[in-house]
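Asks: below is the structure, and that's it, no one-letter string:
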């Protein structure tokens, strides 16, 4: 069924792709090749060396391999390991802006300037597969993999975009969404964080809405509804919990039914009826929401696991009190949240597909996966890495990673890869804007954004 749906969508996807490519072309001509951040391996002629002693593998990412710590540092170590094992191949890593990189890649596939390895935004993987610009790993390094190797990597992330016989991506920088909260305030107000329902969470948030000893107004639950920087919210959490997706079996927006209407009304009630979220949230970006949580203005926020290291390093209170929990159950269904991230793929038109595949295999080998965890603060890719990093993961500083791993296994769903779903997050917060700011009915706000989504994405 998944293959059939992809075939049905291919014609309209080509039309959409042509439009996207046309828009992105000017960006590519202005910016391709301009994002390199000091990598010394760049060839003098700016391209792959033909007929020489060394081949050059071009990688596009938003990470900087020259970083002295974090994910960029790990990528640099992977480059070193790969080159030590592949004499005659040099890896050139270009660091581009994350929010335009995928569009540049789509355009570059038409101009012959595409990289061999590309970091694809999670929202765009389905589009990349349907356009045929990413190569199945089973045609490359995975054709020789054992069942044990597949099982070691197999989870909801690895299956994103997969068919019965093809995998197209390695999932890095996994971000599992749930509730980020302050355990110190939960202890102060004698609140058990093991919520059985959203009613329990709302009741707790009401207790946690108070004026602290410094005269600061603290709110129980923080959200950012600005279209400028949209992120997770109650409406999205309900869509994933009840449907497991943001589109139906035909690729149409699914948020303008009963579930969406009840969820949007609850978002309004969280401000006006329960008072657990301030009115200012309607114009706040997700970045401002995180900043306010760091400053102590919220007891809980809708957030992702990858944000926690930054929060812990900057917060004005005990960093060990920053915890993560899954969304509560709703209508008899266990709470589900998005497992998002970046998809590392091989360009199907590359002249070095084998070498590109082997580079991706290096990114998920046991040695590098251990570094992704301990240096990059990332959830392990391999199940075997959990044991290898047991001491690191048992540290109180890294408790959130263990929680995120449990949520990934029990509470996470991945993006849809059969249909184009770009812009849906902005559509969801726009519905809040229409209803709360412009005074439209909940039904009208959701119908408007659903129609815009369907028309924009050709579903």
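Replies: Done, it's in. Note that the structure is predicted; figures quoted are calculated from it, not measured.
Asks: where does pLDDT dip in the chain?
Replies: Applying pLDDT under 70 to the chain picks out residues 1-53.
Asks: how is it partitioned into domains?
Replies: Using automatic domain parsing, the domains assigned to the chain come out as 2-174+339-413, 177-336+420-457.
Asks: can you pull the buried residues of the longest strand along the chain?
Replies: Longest strand in the chain, counting residues (DSSP state E): strand 170-182. Neighbour counts over strand 170-182 (16 or more other CB atoms under 10 Å) mark 170-182 as buried. C-beta: built from backbone N, CA, C; applies to glycine.
Asks: including distance to residue 81, could those residues go into TSV?
Replies: Shown next, in TSV, are the buried residues of strand 170-182 (distance: CB to CB, whole Å):
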residue	distance to residue 81
170	15
171	20
172	16
173	19
174	21
175	25
176	27
177	32
178	33
179	37
180	34
181	38
182	39
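Asks: so which of these comes closest to residue 405?
Replies: Using CB to CB, residue 176 comes nearest to residue 405 of the buried residues of strand 170-182, at 8.4 Å.
Asks: didn't residue 241 look like it was pressed against residue 327?
Replies: Yes. Counting by CB atoms under 8 Å, residue 327 is a contact partner of residue 241 at 6.6 Å.
Asks: quick check: residue 423 vs residue 168, distance?
Replies: Residue 423 is 22 Å from residue 168, where distance means CB to CB, to the nearest Å.
Asks: more crowded one of these two?
Replies: Applying other CB atoms under 10 Å to residue 423 and residue 168 shows that residue 168 carries more neighbours, namely 24 against 16.
Asks: now do the contacts for the more buried one.
Replies: 125, 128-129, 134-137, 161-162, 343, 345 (CB atoms under 8 Å, 6 or more residues apart in numbering).
Asks: list just the nearest of these to residue 110.
Replies: So of the contacts of residue 168, ranked by how close each gets to residue 110 (CB to CB), first place is residue 128, at 13.5 Å.
Asks: need phi/psi at the nearest residue to the closest one once chain neighbours are set aside.
Replies: The spatial neighbour of residue 128 that comes closest, neighbours along the chain excluded (CB to CB, 6 or more residues apart in numbering), is residue 134 at 4.8 Å. Dihedral pair for residue 134: phi -120, psi 140, per degrees, to the nearest 10.
Asks: surely residue 134 touches residue 349?
Replies: No. Using CB under 8 Å as the test, residue 134 is too far from residue 349 to be in contact (9.9 Å).
Asks: the more surrounded of those two?
Replies: Between residue 134 and residue 349, counting by other CB under 10 Å, residue 134 is the more crowded of the two (26 against 16).
Asks: how close does the more buried one get to residue 126?
Replies: Separation of residue 134 from residue 126 (CB to CB): 11 Å.
Asks: give me the neighbour count for residue 351.
Replies: By other CB under 10 Å, 12 other residues sit near residue 351.
Asks: surely it forms part of a helix?
Replies: No. Looking at residue 351 with DSSP: H, G, I helix; E, B strand; the rest coil, it is coil, so not inside a helix.
Asks: quick check: the residue lying closest to residue 341 once chain neighbours are set aside vs residue 271, distance?
Replies: Nearest residue to residue 341 in three dimensions, chain neighbours excluded: residue 174, at 4.4 Å (CB to CB, 6+ apart). Here the criterion is CB to CB. By it, residue 174 lies 31 Å from residue 271.
Asks: so who does the residue lying closest to residue 326 once chain neighbours are set aside touch?
Replies: Leaving aside its sequence neighbours, residue 326 sits nearest to residue 411 (CB to CB, 6+ apart; 4.2 Å). Contacts for residue 411 (CB under 8 Å, 6+ apart) come out as 176, 178, 326-327, 334-337.
Asks: from the residues you listed, which two are the most distant?
Replies: Put simply, by CB to CB the two of those set farthest apart are 176 and 334, 14.4 Å from each other.
Asks: is residue 374 in contact with residue 388, as I believe?
Replies: No. Taking CB under 8 Å as the definition, residue 374 is not a contact partner of residue 388, at 9.3 Å.
Asks: which strand residues sit across from residue 56 in the sheet?
Replies: Note on residue 56: beta-bridge partners by DSSP bridges are residue 90.
Asks: correction: residue 338
Replies: With DSSP bridges as the rule, residue 338 is bridged to residue 413.
Asks: could you do the one 5 residues further on as well?
Replies: In this structure, residue 343 has the following beta-bridge partners (DSSP bridges): residue 120, residue 171.
Asks: state the distance from it to residue 334.
Replies: Residue 343 is 26 Å from residue 334, by CB to CB.
Asks: out of those two, which sits in the busier spot?
Replies: Taking other CB under 10 Å, residue 343 and residue 334 do not tie; residue 343 has more neighbours (26 against 12).
Asks: hang on, the more buried one packs against residue 117?
Replies: No. Counting by CB under 8 Å, residue 343 does not reach residue 117; the two are 11.2 Å apart.
Asks: correct me, but residue 323 touches residue 402?
Replies: No. In this structure residue 323 lies outside contact range of residue 402 using CB under 8 Å: 11.0 Å.
Asks: so for those two, which sits in the more crowded spot?
Replies: It is residue 323, of residue 323 and residue 402, that has more neighbours when counted by other CB under 10 Å, with 19 against 15.
Asks: pretty sure that one belongs to a strand, no?
Replies: Yes. Looking at residue 323 with three-state DSSP, it is inside a strand.
Asks: residues near residue 350, how many?
Replies: Using other CB under 10 Å, residue 350 has 20 neighbouring residues.
Asks: tell me the contacts of it?
Replies: Neighbouring residues of residue 350 by CB under 8 Å, 6+ apart: 114-116, 135, 356.
Asks: now it: how far from residue 134?
Replies: From residue 350 to residue 134 the distance is 10 Å (CB to CB).
Asks: also residue 400?
Replies: As judged by CB to CB, residue 400 and residue 134 stand 31 Å apart.
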